[in-house]
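Asker: Build me a model from this:
(one chain, ligands or ions: 5)
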Amino acid sequence: MNNIVNILLLVSCAYIATAATDARSPTSLPSSRSSSASQATNLQASSPLKSRSTSTTNAEYLSYAQTAFEVLQNTWYNQSTGLWDNQWWNSANALTTLVELSGLDPSIDSTAQVVYSNMYAQAAIWNLHNFGGVDSFINSYYDDEGWWALAWIKVYDQTQNQIYLQAAIDIFDDMTTGWGAHICGGLLWEKGNKNNSVISDELFLSVAAHLANRLEGTDKQAGLKWALMEWDWFSQSGLINPDYLVMDSLNYNYSCEPTTLPLTYNQGVTLGSLAALNEAAPNNVYLTIAKAIANATINTLVDSNGILKEFCCDKDLDWVQFKGIFMRNLLCLQYASPENAFQAFIEKNTDSIWRNAQNGNNETGSAWHVPFNTASVQAQSSALDCLVAAVAVSM
Ligand SMILES: *[C@@H]1O[C@H](CO)[C@@H](O)[C@H](O)[C@H]1NC(C)=O
Ligand SMILES: *[C@@H]1O[C@H](CO)[C@@H](O)[C@H](O)[C@H]1NC(C)=O
Ligand SMILES: *[C@@H]1O[C@H](CO)[C@@H](O)[C@H](O)[C@H]1NC(C)=O
Ligand SMILES: *[C@@H]1O[C@H](CO)[C@@H](O)[C@H](O)[C@H]1NC(C)=O
Ligand SMILES: *[C@@H]1O[C@H](CO)[C@@H](O)[C@H](O)[C@H]1NC(C)=O
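Answerer: Numbering: from 1, shown residues only. Ligands and ions are numbered 1, 2, ... in the order given. From the prediction side, this is the model:
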């Protein structure tokens, strides 16, 4: 997939500032908000905006997001490495969130542009020095590669600069080398390791579908073919359990049955992938499954007030990133096919973050349903995903 001709400007899982009239832009989301107070567990006693589940305004959500972003930059962005706190895959996620925010808030565009070009140059060098002489955004983990491919696709959407799309294509080409060697089928997680988790499969599906939506001709067909091949395996693997929760791995020791917990990011990446696949090869089944997964998540992977919660733990720094990944992908699904319940969920979680989970320095803790504990770049950028989604759905 190297010859890119007549790139189509398609907006999947992204709001593009220059495409304000696009039918799928946030301004075209339905204006009727959730009217079910019980469904929306208000954190405030009463809402002056009767049709909405919260009294927080779009302007307030925007100011939350701007404040959280300022803290992210001032506290963790490292100019010399191009990364936030020199975290590798987490920085790819923070970059994706930044693009989403800059699409909604032109005032940060110039800052964002500098980050894109600085990261593209410096982070690749950091990778070269830290991951055993591998240049660019390729390392030995297929899931890391998937996060970077999705990030550069987003940057391409926002800038229309082809170098970023080419970076994503190059990464994807490398990801295809991990297909078919896993003991249980699907994509490897780590190069040379025939077992382990399936986040790499969810990301592979997402990258393939996102590329198909941006390429034409044989390149588009190649992306779509990979996406359908992955979905064919994934949908039959048992990873989506009968309750529509996506499990984190298969038991490669025995029967390849699904095992371990359903983590929030497994749900998120899967429903974002399905929204992108539906755009590439429209089929209502994809959106129906995605909505069932989203429903299951917002009904079960939550505390008693309906606030998103990682059940394993809220402190492992990698896992702290996951909740934001879910919210970012729920926003993707919301763009594809909006539901009042999803909007209410995004707004309620944002209200909880802002009112409960922050300290006096506008830093967010690792869990959203309890008071602030500790700050980290993972927690900050994860929360930012939720705040950005609230900006988008409350417009
Ligand atoms: C940025 O990263 C470099 C390389 O690891 C490190 O030496 C430097 O201290 C970091 N700078 C900041 C401000 O953290
Ligand atoms: C799974 O991978 C780990 C390394 O991550 C390795 O130690 C283990 O032997 C592998 N198990 C199987 C069944 O291949
Ligand atoms: C595979 O077996 C090993 C050794 O008994 C165990 O530590 C590991 O958790 C098992 N992995 C899975 C995915 O079941
Ligand atoms: C998801 O839940 C909503 C109610 O919040 C319901 O209307 C919808 O049918 C559900 N969708 C699926 C696919 O389960
Ligand atoms: C936190 O953010 C608010 C709103 O942007 C700002 O007024 C306040 O000064 C910030 N607090 C700190 C300690 O930076």
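Asker: quick check: mean pLDDT across whichever helix or strand Val388 is part of?
Answerer: Assigned by DSSP states H and E, Val388 belongs to helix 377-393. For helix 377-393, mean pLDDT rounds to 98.
Asker: ok, it near ligand 5 or not?
Answerer: No - Helix 377-393 is not in contact with ligand 5 by CB under 6 Å from any ligand atom; minimum separation 12.1 Å. All C-beta spots, glycine's among them, are computed from the backbone N, C-alpha and C.
Asker: How far off centre is that helix?
Answerer: Remark: helix 377-393 is offset 10 Å from the chain centroid, using CA atoms, centre = their mean, to the nearest Å.
Asker: ok, and does it reach over to ligand 1?
Answerer: No - under the criterion of CB under 6 Å from any ligand atom, helix 377-393 makes no contact with ligand 1; the nearest approach is 10.9 Å.
Asker: So which bits of that helix are buried?
Answerer: For helix 377-393, the neighbour count (16 or more other CB atoms under 10 Å) marks 377-393 as buried.
Asker: next one: stretch 229-243
Answerer: Across stretch 229-243, burial judged by 16+ other CB under 10 Å covers Met229, Glu230, Trp231, Trp233, Phe234, Ser237, Gly238, Leu239, Ile240.
Asker: With adjacent residues omitted, what lies nearest to the third one?
Answerer: Distances taken as CB to CB, 6 or more residues apart in numbering place Leu205 nearest to Trp231, at 5.9 Å, with adjacent residues excluded.
Asker: Check the fifth one too.
Answerer: The spatial neighbour of Phe234 that comes closest, neighbours along the chain excluded (CB to CB, 6+ apart), is Asp201 at 5.6 Å.
Asker: if we can go back for a sec, next step: the buried residues of stretch 229-243 restricted to helices.
Answerer: Using DSSP state H to define helices, the subset of these located there is Met229, Glu230, Trp231, Trp233, Phe234.
Asker: ok, these vs ligand 1, which is closest?
Answerer: For these, the residue nearest ligand 1 by CB to the nearest ligand atom is Glu230; the value is 35.3 Å.
Asker: Distance of Ser197 relative to Val246?
Answerer: 11 Å (CB to CB, to the nearest Å).
Asker: Between the two, tell me which one has more neighbours.
Answerer: Using other CB atoms under 10 Å as the criterion, Ser197 and Val246 rank with Val246 on top: 25 against 18.
Asker: Show me the beta-bridge partners of that one.
Answerer: For Val246, the beta-bridge partners are Ile240 (DSSP bridges).
Asker: List the contacts of the nearest residue to Ala281 once chain neighbours are set aside.
Answerer: Leaving aside its chain neighbours, Ala281 sits nearest to Leu224 (6.0 Å; criterion: CB to CB, 6+ apart). Leu224 is in contact with Ala208, Ala209, Ala212, Ala280, Ala281, counting by CB atoms under 8 Å, 6 or more residues apart in numbering.
Asker: quick one: pLDDT of Leu224?
Answerer: At Leu224, the model reports a pLDDT of 98.
Asker: Then Asp201 would be within a helix, right?
Answerer: Yes - counting by DSSP: H, G, I helix; E, B strand; the rest coil, Asp201 is found in a helix.
Asker: element containing the residue nearest to Ala281, please.
Answerer: Applying DSSP H and E, one finds Leu224 within helix 217-236.
Asker: quick one, phi psi at Gly192?
Answerer: When read as degrees, to the nearest 10, the backbone of Gly192 gives phi 80, psi -10.
Asker: count of neighbours near it?
Answerer: 8.
Asker: Could you measure from it over to ligand 4?
Answerer: Distance, Gly192 to ligand 4, by CB to the nearest ligand atom, to the nearest Å: 39 Å.
Asker: can you tell me how far that residue sits from Tyr141?
Answerer: Distance, Gly192 to Tyr141, by CB to CB: 11 Å.
Asker: Kindly report the same for Leu62.
Answerer: From Leu62 over to Tyr141 (counting by CB to CB), the distance is 35 Å.
Asker: which residues touch the residue of the stretch 1-150 of the chain at minimum distance from ligand 5?
Answerer: The stretch 1-150 of the chain approaches ligand 5 most closely through Thr67 (3.9 Å), counting by CB to the nearest ligand atom. Listed by CB under 8 Å, 6+ apart, the contact set of Thr67 reads Asn362.
Asker: Local confidence estimate at it?
Answerer: 98.
Asker: Over to it. Which of the three states is it?
Answerer: Three-state assignment for Thr67 (three-state DSSP): helix.
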